[in-house]
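Engineer: requesting a structural model of the entry that follows:
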Amino acid sequence: MITFFSAIIILIVGYFLYGRFVERVFGIDDSLKTPALELQDGVDYVPMNWKKIFLIQFLNIAGLGPIFGAIQGALFGPAAFLWIVLGTIFAGGVHDFLSGHLSLKNKGVSASELVGIYLGEGARKVMVVFSVILLVLVGVVFVTGPAGLLNTLTNVNTQIWVVVIFAYYIMATILPIDKVIGKIYPVFGAVLIIMAVGIAGGLFVKGYTIPELTLTNLHPDGKPIFPYLFITIACGAISGFHATQSPLMARCVEHEREIRPVFYGSMVAEGIIALIWAAAAMAFFKGEPQLAAIYGGTPSIGVNEMSVTLLGPVGAALAILGVVACPITSGDTAFRSARLTIADSFNVKQEPIKNRFLIAIPLFAVGIALTFIDFNIIWRYFAWSNQTLAMIMLWTGSMFLLKNNKNYLITAIPAIFMTVVTFSYIMQAPEGFKLPAQIGNGIGGVIGILFTVLFFAKVSKVKKSNSKQHIV
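Structural biologist: Numbers count the residues shown, from 1 in each chain. Below is the predicted model of the structure:
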């Protein structure tokens, strides 16, 4: 219990201390008009109260990520707590702050455009393709999963539910952000928080014991902590998907002082949610192989079992709501982000509704076609792609800070770490190159060193350039 409570406290303190430090490094200016006010269009650029934006951003980035990923990460044992805490404060929170901050400072543009601004046109083109594919995959998988569960609960054909969910997706993607997302997201965001608090309370009321910190790897299959834990727990520590969502809210923030609570704050909230579910899995399943057995079926089985046991009928209702509503609310913003990414890339104005349909219809056509394909193999690449996107955004933030003569180490250090993690993983993962762990980790380390050398060569070049300008 001491480890769990300490982790919660550290996360909260981290928000106030390190979050404020990050804010000072990047800098805010409340005298400037934000894109929400300067470019207000009634569609995507819509000023909203920061508390509502926080709940929307929280649900955008969370969904089922900090639940399913944390439960699966619990297989490694209490070492998962350490990654959630350190990852959230020093990597995920920084990543989410910078993606929201840079988007706001650049008229609310999408993540791919930010990469182009700070890493070059070639990187932007790659990022556009990479992020759109990733977003469509997210949207489609978050159709088929809930549709299958709804079929089980209602006996209504899965394809009918697919049509219903896509109909909702179209509305959420096309309509002004305050008409659908702005109204229902704060409610579901609050439900996700209430669900986690209820699970935590149930653990204590019913006398479950949360294990204390140990770095011993407890994975029943002996899967190594590095790099697998850092890929398994993405949402709840650091997730590149967040960078695709932050511009949605960067177009709605009214004051720059709201960047930290909205972006860094929602990441900390997600970290707390992940801690609760990881602790629940460890306490409920006692770290035994039966937790792994849950994953022989689907993570939702574990959520349902814990919710019903700890919270009774209320928990059952929340579990159903969570495993149905949360993925759907991640899928709709994934398609909306894909629309905006394409619109930004080709400079297509989104005020006319026909332009929104022009981009959205092909996206949904591809999405609907993909629902007929077995995604089990393809989807395994999402975890790696997600963390690779996070790594790219951290390097983007590093270049911004370097060019503006600010403390680039706060982004460069986690960028280096995530570079090593992502390359080490894909070299040895079953869906990757399947190399032995030592070789895979070695290659990841070498690539990490290469990226570091290239970045610090850029640091030296920038410093020399600044020095010459100063002399002149």
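Engineer: which residues does Q40 contact?
Structural biologist: 46-47 (Cβ atoms under 8 Å, 6 or more residues apart in numbering). C-betas here are computed from N, CA, C, even on glycine.
Engineer: and what of I194?
Structural biologist: Residues touching I194, when contacts are defined by Cβ under 8 Å, 6+ apart, comprise L318.
Engineer: for the helix or strand hosting A7, name the packing helices and strands.
Structural biologist: The secondary structure element spanning A7 is helix 2-26 (assigned by DSSP states H and E). Applying 3 or more Cβ pairs under 8 Å, 6 or more residues apart in numbering; DSSP states H and E, we find helix 2-26 packed against helix 79-87, helix 93-105, helix 265-285, helix 409-428.
Engineer: closest to W395 out of these?
Structural biologist: The stretch from those with the least distance to W395 (Cβ to Cβ) is helix 409-428; that distance is 4.8 Å.
Engineer: count of residues packed around N106?
Structural biologist: The number of residues packed around N106, counting by other Cβ atoms under 10 Å, is 17.
Engineer: report whether the expected contact of it with G116 is present.
Structural biologist: No: in terms of Cβ atoms under 8 Å, N106 does not count as a neighbour of G116; the distance is 10.2 Å.
Engineer: M48: neighbouring residues, count only.
Structural biologist: M48: 18 surrounding residues under other Cβ under 10 Å.
Engineer: list the contacts of F226.
Structural biologist: Listed by Cβ under 8 Å, 6+ apart, the contact partners of F226 are 421, 424, 441.
Engineer: of these, which is the most crowded?
Structural biologist: Of all the contacts of F226, the highest neighbour tally under other Cβ under 10 Å goes to S424, namely 28 neighbours.
Engineer: grab the nearest non-local neighbour of that residue.
Structural biologist: G444 (2.8 Å; Cβ to Cβ, 6 or more residues apart in numbering).
Engineer: for the lengthiest helix in the chain, give the mean pLDDT please.
Structural biologist: For the chain, the helix with the greatest residue count under DSSP state H is helix 299-346. The predicted model gives helix 299-346 an average pLDDT of 83.
Engineer: measure G202 to V156 for me?
Structural biologist: Summarising the geometry, the distance separating G202 from V156, computed by Cβ to Cβ, to the nearest Å, is 31 Å.
Engineer: between these two, who's got more neighbours?
Structural biologist: Set side by side, G202 and V156 give different neighbour counts by other Cβ under 10 Å, the larger being at G202 (19 against 13).
Engineer: between the helix or strand in which the more buried one is found and helix 299-346, how big is the angle?
Structural biologist: Assigning secondary structure by DSSP H and E places G202 in helix 181-205. When axes from the mean of the first three to the mean of the last three Cα atoms, to 10 degrees is applied, the directions of helix 181-205 and helix 299-346 differ by 150 degrees.
Engineer: before we move on, back to that, list just the nearest of the contacts of F226 to A172.
Structural biologist: The closest of these, once distances to A172 are taken by Cβ to Cβ, is V421, at 32.7 Å.
Engineer: the closest one contacts F230, doesn't it?
Structural biologist: Yes: in terms of Cβ under 8 Å, V421 counts as a neighbour of F230; the distance is 4.6 Å.
Engineer: any residues in contact with both of these two?
Structural biologist: Shared contacts of V421 and F230, defined by Cβ under 8 Å, 6+ apart, comprise Q387.
Engineer: pretty sure I320 sits against T154.
Structural biologist: No: counting by Cβ under 8 Å, I320 sits too far from T154 to count as a contact (11.0 Å).
Engineer: higher neighbour count, those two?
Structural biologist: Neighbour tally, I320 and T154, criterion other Cβ under 10 Å: the higher count belongs to I320, 17 against 10.
Engineer: so who does the more buried one touch?
Structural biologist: Going by Cβ under 8 Å, 6+ apart, I320 touches 149, 153, 304.
Engineer: repeat the analysis, applying 10 Å as the threshold.
Structural biologist: For I320, the set of contacting residues under the criterion of Cβ atoms under 10 Å, 6 or more residues apart in numbering consists of 149-150, 153, 300, 303-304, 307.
Engineer: farthest pair in the residues you listed?
Structural biologist: The largest distance within these, taken as Cβ to Cβ, falls between L150 and S307 and amounts to 17.4 Å.
Engineer: which one's more surrounded, the two?
Structural biologist: For L150 versus S307, the count of surrounding residues by other Cβ under 10 Å is larger for S307: 25 against 21.
Engineer: how many neighbours does S31 have?
Structural biologist: Counted by other Cβ under 10 Å, the residues lying close to S31 total 7.
Engineer: low-scoring stretches of the protein, by residue?
Structural biologist: 287-301, 373-380, 468-472 (pLDDT under 70).
Engineer: how near is L318 to Y185?
Structural biologist: Here the criterion is Cβ to Cβ. By it, L318 lies 17 Å from Y185.
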